[in-house]
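# the sequence and its predicted three-dimensional model are supplied below.
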Amino acid sequence: MHDGQNCFDEATSAFGDEWRIDETLTELIASGEIEPLIVVGIDNAGVARAAEYNASYTSFRGLQPYGEKYVAMLVDELMPEIQRRYRVRTGPEHTSLGGSSFGGNITMLAAMERPGVFGRLLIESPAVPVVGPKFLETILEFGEDSRWTPDDDGFIGRVFIAMGTGETGNEAYNRQLVELMEELRQAFAEEDHRIVVEDGAIHNERAWAGRFPEAARFLFGPQETGE
């Protein structure tokens, strides 16, 4: 999970709210709805967050992003270290990646940069429009060949994408975000995916925490199909 500061503890969260990932997964594991899993929260780089979480061919407020380098660090350095330290299963069927806002952007970039590595994607409130049109074009082109999640030996990955209708105080931009979800629906149409548009939900950890139980059940529970 990206933005690790906001995943587990409101005391470290940037805005005073957290995803409640540890509490939610503990409950779902205890009830037998999902199998035990390890969540690695990767702290963001503060002022460099926007640069780390977006593709080099995008732009945001004059920054030159370098998200491909972040993805390389994640896959080539961090993942091998986690596998060395902990008893984890490997392969796309056991490897998930997720985040919100720019964390959703970098989740999609990682899936495109390293296809076949991440078999389950959690993409909350992706901030695609604010970084220019090229990123959405790349997402849609990548989806044309149904390459978003691996299909190997019968395993088909899962993708959970969600957005609120009240993400910001700008109604025109909110409508653009809802329209974005329809475009993403087409990009992920051949995958086992779930796309959620929550009426009135805004752009914060409280909204993402509220949707996280549904996302976790879908991503990690018994296989479901369709939307």
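Here it is on my side, so go on.
# residue ranges in this structure under the pLDDT threshold?
Within the chain, the segments meeting pLDDT under 70 span 146, 150-154, 190-191, 223-227.
# quick one, helices of it?
Ranges of helices in the chain, per DSSP state H, are 21-30, 49-52, 67-73, 79-85, 102-113, 133-144, 171-187, 205-220.
# what angle do the fifth one and helix 133-144 make?
So that's helix 102-113. 50 degrees (axes from the mean of the first three to the mean of the last three C-alpha atoms, to 10 degrees).
# contacts for helix 102-113?
Applying C-beta atoms under 8 Å, 6 or more residues apart in numbering, the contact partners of helix 102-113 are 1-3, 44, 49-50, 52-55, 67-68, 70-71, 74-75, 97-99, 117-118, 121-128, 131, 135, 138-139, 142, 148-149, 161. Yep, even glycine has a C-beta here, placed from its N, CA and C like the rest.
# check the shortest one too.
With contact meaning C-beta under 8 Å, 6+ apart, helix 49-52 is reached by 3, 44-45, 60-61, 63-67, 69-70, 102, 106.
# and with 7 Å instead?
45, 60, 63-67, 70, 102 (C-beta atoms under 7 Å, 6 or more residues apart in numbering).
# could you flag which of those are buried?
For the contacts of helix 49-52, a burial check counting by 16 or more other C-beta atoms under 10 Å picks out 60, 65-67, 70, 102.
# now the two most distant members of those.
Farthest apart among these by C-beta to C-beta are 60 and 70. That separation is 14.4 Å.
# let me know the closest of the buried ones among the contacts of helix 49-52 to residue 13.
Looking across the buried ones among the contacts of helix 49-52 and measuring by C-beta to C-beta, the closest to residue 13 is residue 102, at 15.7 Å.
# before we move on, the earlier item: could you dump the buried ones among the contacts of helix 49-52 into TSV with distance to residue 15 added?
TSV is the format used below for the buried ones among the contacts of helix 49-52 (distance: C-beta to C-beta, whole Å):
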residue	distance to residue 15
60	19
65	22
66	25
67	22
70	22
102	14
